[in-house]
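Colleague: return atomic coordinates for the entry below.
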Amino acid sequence: MPPLHPYLQIVLAALGISAAVIDIRTRRIPNPLVAAGIVAGFAGNYALHGTAGLKAAAIGFAVGFGVYFILYLLHAMGAGDVKLMGTAGAIAGPGNWFWIFVFSAVLGALFGLVLILFRGRLRRTAWNLAFIVRELMSFRAPWLRREELDVNSPQALRMPHGLAIGLGIIAFLAASRAGWLINQG
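Modeller: Residues are numbered from 1 along each chain as shown. Reported below is the predicted structural model:
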């Protein structure tokens, strides 16, 4: 599949920017935004590439939703973030979604580190990470023994991940326009 069509780039940028702004303000990713993005992604890919585009949109949605659904099941991500990444996959396709995921993960980690340092929780976070790994390796749910490890807990150190995803989308679009990425499509 060729690099992302300009129409899909615009839709993807609008989705990322809108989701970031709304998530910062409300700590939610609204379903109408996600639904509009899914429709635009499937319809645009079909109009531009026929059944191959429809297939790419479906696989991109499934991969994006599936990867983030695992994080949701681990209580590490909200449901809106899951739907947002599925929508990004429907617009961008699976190969491009991978790069969006990489940029979002790196930016999310940087924002998380800044938040941890700003709140003075570096040592506590390191202990929590070790606890999470130990519990998961023992096939136990870490959030059941430490409430602060559940993203929905008021005790959790949270940040609007829609911001990281939105900036990851913008970083992906900038890198792809600059020709820095391979295997797009």
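
Colleague: every contact and neighbour count from this point should use C-alpha atoms.
Modeller: OK.

Colleague: any chance you could list what contacts the helix or strand encompassing L167?
Modeller: Per DSSP states H and E, L167 falls inside helix 161-177. Contacts with helix 161-177, where a contact means C-alpha atoms under 8 Å, 6 or more residues apart in numbering, come from 9, 12-13, 15-21, 23-24, 29, 77, 81, 84-85, 99-105, 107-108, 111, 181.

Colleague: the residue nearest to F65 when sequence neighbours are not counted: neighbouring residues, count only.
Modeller: Spatial nearest neighbour of F65, excluding adjacent residues (C-alpha to C-alpha, 6 or more residues apart in numbering): G86 at 4.1 Å. G86 has 31 neighbours, counted by other C-alpha atoms under 10 Å.

Colleague: check G86 and give its pLDDT.
Modeller: Note for G86: predicted pLDDT of 98.

Colleague: what sits against it?
Modeller: Per C-alpha under 8 Å, 6+ apart, neighbours of G86: 60-66.

Colleague: ok, now with 7 Å
Modeller: Taking C-alpha atoms under 7 Å, 6 or more residues apart in numbering, we find G86 in contact with 61-62, 64-65.

Colleague: Throw those into CSV and include secondary structure and distance to A175, thanks.
Modeller: Rendered in CSV, the data for the contacts of G86 read as follows (DSSP: H, G, I helix; E, B strand; the rest coil; distance: C-alpha to C-alpha, whole Å):
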residue, secondary structure, distance to A175
F61, helix, 22
A62, helix, 24
G64, helix, 20
F65, helix, 23
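
Colleague: list only buried entries from those.
Modeller: For these, a burial check counting by 16 or more other C-alpha atoms under 10 Å picks out 61-62, 64-65.

Colleague: between these, which is closest to P142?
Modeller: F65 (22.6 Å; C-alpha to C-alpha).

Colleague: ok, that closest one to L110 distance?
Modeller: 23 Å (C-alpha to C-alpha, to the nearest Å).

Colleague: M85 now?
Modeller: Taking C-alpha to C-alpha, one finds M85 at 19 Å from L110.

Colleague: Y46 now?
Modeller: For Y46, the distance to L110 - C-alpha to C-alpha - is 36 Å.

Colleague: and what of A92?
Modeller: A92 is 24 Å from L110, by C-alpha to C-alpha.

Colleague: may I have the predicted confidence score for I182?
Modeller: pLDDT, I182: 62.

Colleague: for the lowest-mean-pLDDT helix or strand in the chain, name the packing helices and strands.
Modeller: Within the chain, no helix or strand scores below helix 142-145, which has a mean of 88 by mean pLDDT, DSSP states H and E. Judged by 3 or more C-alpha pairs under 7 Å, 6 or more residues apart in numbering; DSSP states H and E, the packing partners of helix 142-145 are helix 122-137.
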